[in-house]
Structures are given as C-alpha cells and as structure tokens.
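**Q** Take this sequence and fold it.
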Amino acid sequence: MEIKIEDASIKYLDKLYELEMQCFTQEAFSRRQIAYLLTDYNAVGLIAKVNGEVVGFVISQIEVEEDSVFGHIVTVNVATSFRRKGIATKLLNETQTILKTRGIKQIRLEVRHNNSSAIKLYQHLGFKEIAKLEGYYGKEHGLYLQKNL
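**A** Residues are numbered from 1 along each chain as shown. As a prediction, the model looks like this:
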C-alpha cells in the first residue's frame, strides 16, 4: 500500500470534514473551522492518499505564546478502515519536517486521556506529557504533549 502525502487545500474540504466527523464526536471541528484552518497563513495542512483516495489528514499551526514559538498539531484524522497502517505516523513526520524547516523547535498537541492508541503513537514519535488538562474534552480529561524538534 503506497501512502502519498500532499498539501491539503480547500478543494478537499468536504472529504476532510467527513473524516473529522468520522473520527471525533462532540469536539469535532465544524466545516467552517476546517476551512479557516486550511486557509490560515500560519497553518500546515497535509492529506494522505491511498489509490487516489483521501484517507487521512493533519492540520497544525505555528503559534506564539509569550516569548516562545511552537508548532501545534490541531487535528489528526485517519479513516477507520485505514488505521494502524502508518498513515498518521507519515502525516505527523512530514508535518514535523515542514515545521522544522520553518525554524520551529518544539511541537505540542492535546489528546484525550483515554485514547490509548493515539497516546502510544505520540509516545513512539517522541512526545512527552507536560500537563494534564482537566475537563478539556467536556467531562473527559486531556493530556498536553510536547516534543522538541
């Protein structure tokens, strides 16, 4: 199975929204929010294609907090039938490479505290927990993870 990574663009909005709804429940981004993220100057959006079909995507943003600039993984989505095939890893690695070429030295993300498969993936990629996020996902808690590039 060949996984092709490409830049995400607004022309894929319908498919990206469909994937977002498949992957998340209450905290899913709206179609409008995804459109905004895809067109944000400080965003990096990538899609993964298998046999010409979009099967995953990632959107990150370059953010400034006090005196630090970092990459923030906003959303990662992989179609249910394509999970555990290296797609998220490939998307995240390519995102990190792009952010690094833009001078970003650190990347952060949030994950639901009980999403063990995602946490395992992020740890495998070198992310470390830096904080617990009480009630971040409504009644569910989150974890704040970080990795130095």
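
**Q** Show me the shaky parts of the chain.
**A** Filtered on pLDDT under 70, the chain yields no residues whatsoever.

**Q** Show me the helices in it, by range?
**A** Applying DSSP state H to the chain gives helices spanning 13-23, 31-39, 87-101, 116-124.

**Q** Tell me which of those helices lies nearest to residue 48.
**A** Evaluated over those, closeness to residue 48 peaks at helix 87-101, with 4.8 Å, by CB to CB. Using the backbone N, CA and C atoms, a C-beta is placed for each residue, glycine as well.

**Q** Could you list every helix and strand that the strand ranked longest in the chain packs against?
**A** For the chain, the longest strand by residue count, based on DSSP state E, is strand 53-65. If you count contacts as 3 or more CB pairs under 8 Å, 6 or more residues apart in numbering; DSSP states H and E, strand 53-65 packs onto helix 13-23, helix 31-39, strand 43-50, strand 68-78, helix 87-101.

**Q** Next, the buried residues of it.
**A** By 16 or more other CB atoms under 10 Å, the buried positions in strand 53-65 come out as 54, 55, 56, 57, 58, 59, 60, 61, 62.

**Q** Pull up the pairing partners for it, direction included.
**A** Strand 53-65 pairs in its sheet with strand 43-50 (antiparallel), strand 68-78 (antiparallel), by DSSP bridges.

**Q** As CSV, could you dump the C-alpha coordinates of that strand?
**A** What follows is strand 53-65, C-alpha atoms only, in CSV (Å, rounded to 0.1, in the frame of the first residue of the first chain):
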residue,chain,number,x,y,z
GLU,A,53,-8.5,8.5,-2.2
VAL,A,54,-8.0,10.9,0.7
VAL,A,55,-7.8,8.6,3.8
GLY,A,56,-6.3,11.0,6.4
PHE,A,57,-5.2,14.5,7.2
VAL,A,58,-3.4,16.6,9.7
ILE,A,59,-3.5,20.3,10.4
SER,A,60,-1.0,22.2,12.5
GLN,A,61,-0.5,25.8,13.2
ILE,A,62,2.5,27.9,14.2
GLU,A,63,1.7,29.6,17.4
VAL,A,64,3.3,32.2,19.7
GLU,A,65,2.9,32.0,23.4
